[in-house]
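Colleague: Fold the following, please.
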Amino acid sequence: MLEALSYEFMQNALIAGLLASIICGVIGALVVVNRVVLLSGGIAHASYGGVGLAFFLGLPMLPVTAAFAVCSALLMAFITMRVKERADTFIGVMWAAGMALGIILLDITPGYNVDLMSYLFGGILATPQSDLVLMGWLAAIVLAVVFSCYKGFWAMSFDEEFARARGVPVTALYYIMLALIALSVVMVIRVVGLILVIALLTIPPHIAESRTSSLHTMMLLSSILSMVFCTSGLLLSYELNLSSGATIIAVSVAGFALSALFSKIRGAE
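Modeller: Numbers count the residues shown, from 1 in each chain. Predicted coordinates:
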């Protein structure tokens, strides 16, 4: 199994998986603690419009999709902060609109010959060096922003009203958090695709949440778990000739089930 790592495409895939794992651990912790899984799913699927726009304009996919996803996230933040009682409806509309826009733009793109499935279910084995560089920059930006705003995120995540009373700029941090989620989603698209992106952003953080007592240790453990799931899923998919994105998620779900079983056994003792 390990001889697979001698191939360049597997090395690129492993690096992509590790970069995405770090981001999934850090941003996924914020997603789980702030209970914005549905909103993250809306951002993920709306970003498909960016994929279609990139191919329609003949521009690089990753930066165009990142910009589109961030704009979609900021729009969702603007609406959901003002009409919270109808937030789920608006998220559903943005979710559907982004997917429809992406598909229509791909349909009318001259000479379109892109593998649609690679963006829906992941194409980590086809990750080029240029995408790894962009993923590295995105990871650095996301981590720099998170750690520079860590105290604010911590306060907002555990007691929003108290944070506001102490002068924490909760509204600004909410916008920043959704923008970071958008950038993270674009990175993880390469690994598991749009359909499965939320699983990788939520399963490792959920497991870590039950094993830690602070946000920063939750981020660290979640990142480690994501690395384990991505690496083992990638190698297993190569050995069994399976879809890499789906195998990574299957390994993650198995890890989630084992964690839940372990917790139940400990609770029964």
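
Colleague: Which of the helices and strands in this structure ranks last by mean pLDDT?
Modeller: helix 116-121 (a mean of 68; mean pLDDT, DSSP states H and E).

Colleague: List the buried residues for the helix or strand that that helix is followed by?
Modeller: Later in the chain than helix 116-121, the nearest helix or strand by DSSP states H and E is helix 129-148. By 16 or more other C-beta atoms under 10 Å, the buried positions in helix 129-148 come out as D131, L132, L134, M135, L138, A139, V142, L143, V145, V146. Every residue, glycine included, has its C-beta placed from N, CA and C.

Colleague: could you say what helices and strands helix 129-148 packs with?
Modeller: Helix 129-148 sits against helix 8-33, helix 61-82, helix 170-209, with contacts defined as 3 or more C-beta pairs under 8 Å, 6 or more residues apart in numbering; DSSP states H and E.

Colleague: tell me what the shortest one is packed against?
Modeller: Helices and strands touching helix 61-82, by 3+ C-beta pairs under 8 Å, 6+ apart, are helix 37-46, helix 48-57, helix 87-107, helix 129-148, helix 170-209.

Colleague: So for G28, which of these sits nearest?
Modeller: helix 170-209 (3.9 Å; C-beta to C-beta).

Colleague: Quick one: mean pLDDT for the closest one?
Modeller: Helix 170-209 comes out with an average pLDDT of 87.

Colleague: Buried residues, the helix or strand following it. List them.
Modeller: Moving toward the C-terminus from helix 170-209, the next helix or strand (DSSP H and E) is helix 215-240. Going by neighbour count (16+ other C-beta under 10 Å), the buried part of helix 215-240 is 215, 218-223, 225-227, 229-238.

Colleague: Now do the same for L240: its pLDDT.
Modeller: 88.

Colleague: give the contact list for the spatially most central residue of the chain.
Modeller: Closest to where the C-alpha atoms of the chain average out (C-alpha atoms, centre = their mean) is V185, at 3.6 Å. By C-beta atoms under 8 Å, 6 or more residues apart in numbering, V185 lies in contact with S40, I43, A44, S47, A69, V197, L201.

Colleague: a markdown table please, covering those residues and showing distance to P63.
Modeller: Shown next, in a markdown table, are the contacts of V185 (distance: C-beta to C-beta, whole Å):
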| residue | distance to P63 |
| --- | --- |
| S40 | 21 |
| I43 | 17 |
| A44 | 17 |
| S47 | 12 |
| A69 | 11 |
| V197 | 18 |
| L201 | 21 |
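
Colleague: where's the dip in pLDDT among those residues?
Modeller: Least confident by pLDDT among the contacts of V185: that is V197, with 83.

Colleague: Hmm, it is touching A46, no?
Modeller: No - with contact defined as C-beta atoms under 8 Å, V197 does not reach A46; the gap is 11.9 Å.

Colleague: quick one: low-confidence ranges for the stretch 1-150 of the chain?
Modeller: Under the criterion pLDDT under 70, the flagged ranges of the stretch 1-150 of the chain are 1-2, 4, 84-85, 112-118.

Colleague: what do you get if the cut-off is 80, keeping everything else the same?
Modeller: 1-7, 83-87, 110-123, 126, 131 (pLDDT under 80).

Colleague: Not counting its neighbours along the chain, what's nearest P128?
Modeller: Excluding its sequence neighbours, the residue lying closest to P128 (C-beta to C-beta, 6 or more residues apart in numbering) is N12, at 7.1 Å.
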